[in-house]
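Engineer: build me a model from this:
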Amino acid sequence: MDVTQVKKEDDKKEKTEEEVVHLRREIGLLPAVCFIIGTVVGSGIFIAPKGVLINSGSVGLSLLVWALCGVLSLFGALCYAELGTSFTKSGGHYTYLLETLGPLPAFLRLWAEFFFIRPSVASYVSLAFGRYVVEPFYAPCDAPTVLIKLVSILGLTFVVAVNCWSVTMASRTQVTLTFIKVFALVLIIVPGFIALAKGKTENFQNGFEVESITLDRLPLAFYNGLYAYGGWFYLNFVTEEVINPNRNIPLAIICSMVMVTVCYVLVNVAYYTMMTPAELLLSEAVAVTFANRALQGMASVIPFLLPYPALERLTVVSSGHRGNLGTHF
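Structural biologist: Residues are numbered from 1 along each chain as shown. Modelled structure (predicted):
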């Protein structure tokens, strides 16, 4: 009787193990780098410069804040590289809380992200995408709010559809979108440095004006800057899909964060070559204002190159795999 019961339990265990979904490792080093750059480089670099400048008080200090935010983000990313190589399971925050503090904190963190954090971020970034796409067709008038929301929904639907279709397609789409985003940044950096070489340095002559520096608001400047760097931890959400994670995760994190930091600082330098601090603060879309001055005929192209929310994997994939959201996920 006991032997029969043990055999049934063993058969049940083997069946359960066979039913567990194992994700295929299809993300190499280049897609991993593009994955991180794609999640980090978003609307933040086109929105946050105003917040960094107004809270830092000077051009020079704002550029220093951008560089330091990149260094701080790199430190955080390296910590996640250590976690990603120690716990080779997908899920990011959820997995690490589950492995270290137990199921309850992980469960609470998961549902907080599912109901509050992720929808808020997705709404904010998708609306920024819709605004940048629609506004050029209605300039200088205000674009219809309904149309902006419609474009945002269509864009978000496209991202979800690509992620649901296959890992390979999502990875290839991620690489393509990342190159488009980097190209948009290059279109800003190159004209800015051409103008800088021609002697447009008046905005940098008094870069650290002591009377305009507001140290009490400096934390808000870092807050805005760090927002633009947000997303460096998303590769850990798909650890099980990364080829040779012990090698590729740290390399991808270091390469991508160094590239993003350099690009962000150069983009802001380019902004200040074509716009005064006052003009930057008055601009509703800094990149579009810059394009109107520096690129002239190509100004209408910039909005279509502005970043779209990266093709990130949602935590529900991993949590459903573990059973906290039910097996239907």
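
Engineer: give me the contacts around stretch 220-232.
Structural biologist: 36, 39-40, 42, 44-45, 47-48, 51-53, 55-56, 61-62, 65-66, 68-70, 72-74, 76-77, 80, 253, 256-257, 260-261, 264, 310, 312 (C-beta atoms under 8 Å, 6 or more residues apart in numbering). Backbone N, C-alpha and C define where each C-beta goes, glycine included.

Engineer: let's see that with 6 Å instead.
Structural biologist: With contact meaning C-beta atoms under 6 Å, 6 or more residues apart in numbering, stretch 220-232 is reached by 39-40, 44-45, 48, 51-52, 55-56, 65-66, 69, 73, 77.

Engineer: just those now: which is nearest Ala294?
Structural biologist: Distance to Ala294, by C-beta to C-beta, is smallest for Ile45 among the contacts of stretch 220-232, at 16.1 Å.

Engineer: can you give me the buried ones in the helix or strand hosting the closest one?
Structural biologist: Counting by DSSP states H and E, the element that carries Ile45 is helix 44-56. Within helix 44-56, the residues that count as buried by 16 or more other C-beta atoms under 10 Å are 44-56.

Engineer: next one: stretch 128-140
Structural biologist: Buried, per 16+ other C-beta under 10 Å, within stretch 128-140: Ala128, Phe129, Gly130, Arg131, Tyr132, Val133, Val134, Glu135, Pro136.

Engineer: helix, strand or coil for Gly91?
Structural biologist: For Gly91, the assignment made with DSSP: H, G, I helix; E, B strand; the rest coil gives coil.

Engineer: pLDDT weak spots in the protein?
Structural biologist: Along the chain, segments meeting pLDDT under 70 span 1-23, 167, 171, 210-213, 296-329.

Engineer: now do the helices in the stretch 151-300 of the chain.
Structural biologist: Under the criterion DSSP state H, counting those that start in this stretch, the stretch 151-300 of the chain contains helices at 167-197, 218-228, 245-274, 277-282, 286-294.

Engineer: just the angle between the longest one and helix 245-274, please?
Structural biologist: Angle, helix 167-197 to helix 245-274, by axes from the mean of the first three to the mean of the last three C-alpha atoms, to 10 degrees: 30 degrees.

Engineer: helix 167-197: how far from the chain's middle?
Structural biologist: With C-alpha atoms, centre = their mean, to the nearest Å as the basis, helix 167-197 stands 14 Å off its chain's centre.

Engineer: going by neighbour count, list what's buried in that helix.
Structural biologist: Buried residues in helix 167-197, counting neighbours by 16+ other C-beta under 10 Å, are found at 167, 170-171, 173-175, 177-178, 181-182, 184-185, 187-189, 191-192, 195-196.
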